[in-house]
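Engineer: only geometry, no sequence info:
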């Protein structure tokens, strides 16, 4: 077998390839691994390998308990059946199973005294999973033969949810989306997600058609570039600041830019510069100017003194700051290139509060955040309103990665570009004004944890307007969106 896995692949990915060498046609393999491969880029080649050589019988994960108490990653087990016949693989139905109850409630725990009962329970669970597609079977009246399953089907029971997806459709999706094909969503996502995408149709477009996404600022040496204001400096136009190394001194305020470094600094969807904890050391000089340091000395002498201090500092590994690779490539290690302000900011890690921040006051963002720059001249308030609908939050939760453990949702830039959003061009002026008006009432108040946020009347009013703009019935979809998102977040935080 030709191995083409990324160097970022976890070691367990190679176990699939190795075990396949010992499996004969029709033989089965079960393996417990991290669930990372379902959603990350290096999973592309692994998925391709599985689809070409196996019937993917089932992928099972628990969203109510960790299976390994000491592990900080989330796990899943995969059942495969070796099959080299393309037609048979295409006819297979993959079962994505989300367990909603602890294994102890499925299986007797005493392996000695309850061995027979335990195996009976195991067999019952296996049969429920393997025969789930029979509930959706349709017979061709002309031939009397069972028709292949079409589309995604869901079997919802109290102990588990089984999502059925034809293997042929997974292969088609992999060809179309490549690294963006996420199998984890078939386990995590509520049914309303699939219903919404089908009903909304071409009214939803990828974020990449509306905005460019980029990382926040990567300083190279946070200890130098992030400074905490302590108050006014001794001279007008200066601030007294300190850095994480303990240095305290005055610097010209023109060299210190407001920057958001943590989601805790954002109370509402509109950033308050006065509430930000840090300033970014970024003198207003041309980073391409070979004589920038002399200009700094003449124009901003206090900032120049700080740079001189920085030249004498070393990393914890003993490397001079001036030689750190991440800053050495600049003409002046202390001078980052100027960059335009983004229109919106969002966190790269999400806990239980969701928000897309307006950035009308020109705030820089740290590299734990993403910056969104609108591609066209458009009403940014309207776009902010749409992006801050709970529908967007649901879609963010689904595209995020949950493989870090400890309840953190990680957002990756390239995947963020695929986020589905309402196409602004299709919204009539009257509807647009309604959405903006409803957004204005909530954008300046504190953002609440999502379980509380969805109970707020101003939140429900905005979400109703956005769904109506998509041609969807809020009475049908809004309760499902709220229930689905809150459930996913609670499971993520408690698993």
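Structural biologist: Structure's in. What do you need? A quick note: this is a predicted structure, and the numbers were derived from the prediction, not measured.

Engineer: ranges for the strands of the stretch 251-400 of the chain?
Structural biologist: 256-260, 278-281, 344-347, 349-350, 357-358, 364-365, 369-374 (DSSP state E, counting those that start in this stretch).

Engineer: now swap in the stretch 51-200 of the chain and tell me
Structural biologist: Under DSSP E, counting those that start in this stretch, the stretch 51-200 of the chain gives strands at 54-62, 75-82, 93-99, 153-156, 160-166.

Engineer: can you tell me which helices and strands the shortest one packs against?
Structural biologist: Right, strand 153-156. Under the contact definition 3 or more C-beta pairs under 8 Å, 6 or more residues apart in numbering; DSSP states H and E, strand 153-156 sits against strand 160-166, helix 191-200. For glycine as for every other residue, the C-beta is placed from the backbone atoms N, C-alpha and C.

Engineer: got those as JSON lines, with distance to residue 447 columns?
Structural biologist: Shown next, in JSON lines, are these (distance: least, C-beta to C-beta, whole Å):
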{"stretch": "strand 160-166", "distance to residue 447": "30"}
{"stretch": "helix 191-200", "distance to residue 447": "23"}
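
Engineer: least confident of these, on average?
Structural biologist: Note on the helices and strands packed on strand 153-156: helix 191-200 shows the lowest mean pLDDT, a mean of 91.

Engineer: what pairs with the strand or helix carrying residue 227, parallel or antiparallel?
Structural biologist: Following DSSP states H and E, one finds residue 227 within strand 226-232. Sheet partners assigned to strand 226-232 using DSSP bridges are listed as strand 238-242 (antiparallel), strand 278-281 (antiparallel).

Engineer: what angle sits between it and strand 256-260?
Structural biologist: Angle of strand 226-232 versus strand 256-260, following axes from the mean of the first three to the mean of the last three C-alpha atoms, to 10 degrees, is 120 degrees.

Engineer: chain center to strand 226-232, what's the gap?
Structural biologist: Centroid displacement of strand 226-232 relative to its chain, using C-alpha atoms, centre = their mean, to the nearest Å, is 32 Å.

Engineer: who touches that strand?
Structural biologist: Residues outside strand 226-232 that contact it (C-beta atoms under 8 Å, 6 or more residues apart in numbering): 219, 238-244, 248, 251, 256, 259, 261, 277-281, 366.

Engineer: and with 7 Å instead?
Structural biologist: Identification of contacts with strand 226-232 by C-beta atoms under 7 Å, 6 or more residues apart in numbering yields 239-243, 256, 261, 277-281.

Engineer: out of the residues you listed, which is nearest to residue 81?
Structural biologist: Nearest to residue 81 out of the contacts of strand 226-232 is residue 261 (C-beta to C-beta; 49.6 Å).

Engineer: ok, now which ones touch the closest one?
Structural biologist: Shown in contact with residue 261 (C-beta under 7 Å, 6+ apart): 226, 277-278, 366.

Engineer: likewise residue 96?
Structural biologist: 59, 163, 165, 186-187 are the contacts of residue 96 under C-beta under 7 Å, 6+ apart.

Engineer: one more: residue 278?
Structural biologist: Residues near residue 278 by C-beta under 7 Å, 6+ apart: 226-228, 259, 261.

Engineer: give me the nearest residue to residue 284, chain neighbours excluded.
Structural biologist: residue 254 (5.9 Å; C-beta to C-beta, 6 or more residues apart in numbering).

Engineer: how many neighbours does that neighbour have?
Structural biologist: Neighbour count of residue 254, defined by other C-beta atoms under 10 Å: 14.

Engineer: now do the one 10 residues further on
Structural biologist: With neighbours defined by other C-beta under 10 Å, the count for residue 264 comes to 10.
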